[in-house]
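*Asks:* take this sequence and fold it.
(one chain, ligands or ions: 1)
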Amino acid sequence: MHRQAVIFGSKGMLARALAAELVSRGIDFVGLDLPECDLTRQTDVASVFGRIRPSVVFNCAAFTKVDACEQQVELANSVNGYAVGTLATMCREFDTALVHISTDFVFSGNGQHPYQPTDTPAPVSAYGRSKLLGEQLLREANPQRWLIIRTAWLYGIGGPNFPRTMVEVARQGKPLCVVNDQIGCPTYTEDLAQVMVDLTLARARGIFHCTNSGPTSWYDFAKAALETFDIPADLQPVSTEQYLAMRPNQARRPAYSVLDCTSLHTALGRTMRPWQQTLADYHRKVQDNGGF
Ligand SMILES: NC(=O)c1ccc[n+]([C@@H]2O[C@H](COP(=O)([O-])OP(=O)(O)OC[C@H]3O[C@@H](n4cnc5c(N)ncnc54)[C@H](OP(=O)(O)O)[C@@H]3O)[C@@H](O)[C@H]2O)c1
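*Replies:* Presented below is the predicted three-dimensional model:
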């Protein structure tokens, strides 16, 4: 990477881990986020490309509030969809590699086997539809080198995330009802950041599924997180149906969204470690950081 790399959405949870990974490998980059660089403003994006002529762009920017996307569909499509198309067009014009992050939520979740990158997406939420739109527009814009990394159930330092919410609610002594019939793979941002850089350096192209390994339910993930943080909690398993009855405005989420990461293994000769091993690292990081 002779020219600088750029991270869009640099204040976000994954971007923070990616920035640390790039620093540790001595890779020069510029991080950009709102308000100075709004991905939905074409002039902002054009000015970044004109100024930096990036070798590679990591797009970690997104409107990630899954429930809010149901009410703010236009904003979701604008950030997660159309802006990605614009970015991909710029990348084509400037011969810039594009590494874009997508999600397991592009799938319906009605399957029972891990989803392959080639499986047909059928999102069940506005967020999932907006992310799929981004994937489609990226591919239509046909940048020279593009990489879509679909990941899932992300957590790490510097952002709201599921284990953090569990720990914070339990610390307040409140009871927790967590669904036990949605299955996926938790993914630690630091592990994903390593893979993002490795795939980029390996000049991988196409769609890759990248999660920590091993499926689990939100309930079992919550239980493991609370045990790791050593917080006693009143944790009850509930079905999705029961949960939606308590919170009817929630977006629908895939029931089963395990991603098949074989292509990652083919490209790098390894997959990501089991998710259970990542919680202790997260716990240590939270302690070192003095908070979430
Ligand atoms: N979190 C998950 O569980 C999960 C799972 C699967 C895939 N993903 C994908 O992984 C990627 C990173 O997720 P994350 O959890 O790290 O997200 P995040 O913490 O919400 O970070 C996203 C960043 O993008 C910024 N942003 C929003 N709109 C923007 C715009 N118009 N222009 C420029 N920046 C903008 C956000 O700013 P504000 O905070 O000010 O809005 C935020 O700093 C996303 O593509 C997401 O879809 C996430």
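*Asks:* residue 176: neighbouring residues, count only.
*Replies:* Using other C-beta atoms under 10 Å, residue 176 has 18 neighbouring residues. Placement of C-beta: from N, CA and C, glycine included.
*Asks:* pretty sure it is touching residue 234, no?
*Replies:* Yes: contact criterion C-beta atoms under 8 Å: residue 176 and residue 234 qualify, at 6.6 Å.
*Asks:* in this protein, where's the longest helix?
*Replies:* Looking across the chain with DSSP state H, the single longest helix is helix 126-141.
*Asks:* contact partners of that helix?
*Replies:* 62-66, 69-70, 73, 76-77, 79-85, 87-89, 91-92, 98, 100, 102-103, 105-107, 121, 123, 146, 148, 207, 251, 254 (C-beta atoms under 8 Å, 6 or more residues apart in numbering).
*Asks:* got it, and stretch 241-250?
*Replies:* 67, 70, 177, 179, 238.
*Asks:* ChimeraX command for the buried members of these?
*Replies:* To isolate in ChimeraX the members of the contacts of stretch 241-250 that are buried, counting by 16 or more other C-beta atoms under 10 Å, one can use:
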select :70,177,179,238
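*Asks:* if we can go back for a sec, when you check the ligand, which of the contacts of helix 126-141 turn up near it?
*Replies:* 62, 63, 64, 79, 103 (C-beta under 6 Å from any ligand atom).
*Asks:* possible to save the residues you listed as CSV with pLDDT, secondary structure and neighbour count?
*Replies:* Shown next, in CSV, are these (pLDDT from 0 to 100; DSSP: H, G, I helix; E, B strand; the rest coil; neighbours: other C-beta atoms under 10 Å):
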residue, pLDDT, secondary structure, neighbour count
62, 98, coil, 25
63, 98, coil, 23
64, 98, coil, 22
79, 98, helix, 24
103, 98, strand, 29
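*Asks:* can you give me the strands for the stretch 101-250 of the chain?
*Replies:* Under the criterion DSSP state E, counting those that start in this stretch, the stretch 101-250 of the chain contains strands at 146-151, 154-155, 176-179, 183-184, 187-188, 206-209, 216-217, 235-238.
*Asks:* write out the residues of the stretch 101-250 of the chain neighbouring the ligand.
*Replies:* 101, 103, 131, 151, 152, 153, 154, 159.
*Asks:* try it again at 8 Å.
*Replies:* Applying C-beta under 8 Å from any ligand atom, we find that the stretch 101-250 of the chain lies next to the ligand at 101-105, 127, 131, 150-156, 158-162, 187, 189.
*Asks:* thinking again about what came up before, from the contacts of stretch 241-250, which is closest to the ligand?
*Replies:* Distances from the ligand to the contacts of stretch 241-250, taken as C-beta to the nearest ligand atom, are shortest for residue 67 (12.7 Å).
*Asks:* in the chain, what residue is nearest the ligand?
*Replies:* residue 12 (2.1 Å).
*Asks:* what is the burial count for that residue?
*Replies:* Residue 12 sits with 22 neighbouring residues when counted by other C-beta under 10 Å.
*Asks:* residue 39 now?
*Replies:* 25.
*Asks:* for it, give me its contacts.
*Replies:* Applying C-beta under 8 Å, 6+ apart, the residues near residue 39 are 8, 9, 45, 59, 61, 79, 83, 86, 87.
*Asks:* against residue 231, how distant is it?
*Replies:* 37 Å (C-beta to C-beta, to the nearest Å).
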